[in-house]
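*Asks:* this is a predicted model, with the sequence first.
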Amino acid sequence: MPRFRRRFFSIRKDESGATAIEFGLVAIPFFLILFGIVEVGLIHMVNRMLDNAVIEASRMIRTGQAQTSGFGADDFEGEICNALPAFLCSTERIVVVVDQIDSFSAAASTNDMYDADGDLVEDSSYTAEANNSGEIVMVNVVYRWPMITSLLSLNLADHGTERHLTSTLVFRNEPWE
């Protein structure tokens, strides 16, 4: 019996694996938080890049270049993708609504891009009335960004496994002849 006691107490005093066990307990929450922080930062960066791409693409409408070239919704989506890095953009993930509005104050009361159930209306539209010189145009763009951390159940996605990055721009077309 004394030999058993010595072994038991010697094992009890051995703390050589304590650091590995403590790291194992802390590692999973640490890496989940780390991945969440990185993805939130990435979302904000891509959303700013989307805003800049919408500004660049909308410039073609504002200056009349899109009107003289016979632009449509697919062409506008392509212009947005041209302004983004190639690995970030997929035209299948973009929904565009370009519409003419009566006044700048009417921009707040335009049709929503989501249906009654909160699902994104997948049809892009490019209103021909927005093609006139001097018209007020509202451009709404939604990019369905895939969320990596939604697979880890961090629930950062707002629609299933996607986050809808939006960009809205309201402007008056420049006069052109």
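*Replies:* Arrived safely, thanks for sending. Residues are numbered from 1 along each chain as shown.
*Asks:* and the helices in this structure, which stretches?
*Replies:* 2-13, 18-62, 65-69, 73-83 (DSSP state H).
*Asks:* tell me which of these sits nearest to residue 89.
*Replies:* Of all the helices of the chain, the one in closest proximity to residue 89, counting by CB to CB, is helix 73-83 (3.9 Å). C-beta: built from backbone N, CA, C; applies to glycine.
*Asks:* name the residues that touch that closest one?
*Replies:* 50, 52-54, 56-57, 60-61, 66, 69, 89-91, 94, 96, 98, 124-126, 141 (CB atoms under 8 Å, 6 or more residues apart in numbering).
*Asks:* buried ones among these?
*Replies:* Among the contacts of helix 73-83, the ones that count as buried by 16 or more other CB atoms under 10 Å are 50, 53-54, 57, 60-61, 66, 89, 94, 96, 98, 124, 126, 141.
*Asks:* which of the helices of the chain sits closest to residue 133?
*Replies:* helix 65-69 (8.3 Å).
*Asks:* how distant is the closest one from the center of its chain?
*Replies:* Relative to its chain's centre, helix 65-69 lies at 28 Å (CA atoms, centre = their mean, to the nearest Å).
*Asks:* against which helices or strands is that helix packed?
*Replies:* helix 18-62, helix 73-83 (3 or more CB pairs under 8 Å, 6 or more residues apart in numbering; DSSP states H and E).
*Asks:* any idea which of these is most buried?
*Replies:* helix 73-83 (a mean of 18; mean count of other CB atoms under 10 Å).
*Asks:* also compute the angle for that one relative to helix 18-62, please.
*Replies:* Per axes from the mean of the first three to the mean of the last three CA atoms, to 10 degrees, the angle that helix 73-83 makes with helix 18-62 is 130 degrees.
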